[in-house]
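In: Only the shape, not the letters, is given here:
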């Protein structure tokens, strides 16, 4: 087990760090700080540090409207990958989603993020859809935990 520190991104510093990681890893969906604040009102956002060094962030979108599907996304900065940090982020997110009533777990990964796709597949996710949002060029992959 590492000595990671997990913090809910619910203050300005946490929201800024979450935004930094998100925008670096998912540039086609870069968000403003106001958009991150809005997202934090709907979803559980966390940032993770190794000591005082930012390592990554996660998002848990809980089930909506009586549904049972949650989305769990773990993002780790490139210099910190393959050290088990993503696994810890993912496991925390999975527990949170299940505690919120999720029976089905999905994730979404930018198709060009080969590390992210490999991470998801290694944890039992299978691809269910590829798409490009209207007016955009980036391809996204939706995956579901089998």
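Out: Received, thanks. Just so we're clear, the structure is a prediction, and the values are computed from it rather than from any experiment. Residues are numbered from 1 along each chain as shown.

In: what about residue 93, which SS state?
Out: Three-state assignment for residue 93 (DSSP: H, G, I helix; E, B strand; the rest coil): helix.

In: these two touch, right, it and residue 72?
Out: Yes: counting by C-beta atoms under 8 Å, residue 93 does reach residue 72; the two are 3.9 Å apart. In this view, the C-beta of every residue, glycine as well, is placed from N, C-alpha and C.

In: Which residues are in contact with each of those two?
Out: With contacts taken as C-beta atoms under 8 Å, 6 or more residues apart in numbering, the residues that reach both residue 93 and residue 72 are 58, 59, 60.

In: Please name the nearest non-neighbouring residue to residue 137.
Out: residue 28 (7.6 Å; C-beta to C-beta, 6 or more residues apart in numbering).

In: need the contact list for that neighbour.
Out: 110, 136, 137, 138.

In: where along this protein do the strands fall?
Out: Assigned by DSSP state E, the strands in the chain fall at 4-8, 44-50, 53-61, 69-76, 104-110, 125-132, 139-145.

In: residues near residue 37, how many?
Out: Number of residues near residue 37 (other C-beta atoms under 10 Å) recorded here: 16.

In: Distance check, residue 66 against residue 101.
Out: According to C-beta to C-beta, to the nearest Å, residue 66 and residue 101 sit 9 Å apart.

In: Those two - which one has more neighbours?
Out: A direct count of neighbours by other C-beta under 10 Å for residue 66 and residue 101 places residue 101 higher, at 13 against 6.

In: surely the more buried one meets residue 68?
Out: Yes: Residue 101 is within contact range of residue 68, at 6.4 Å (criterion: C-beta under 8 Å).

In: No further queries at this time; thank you.
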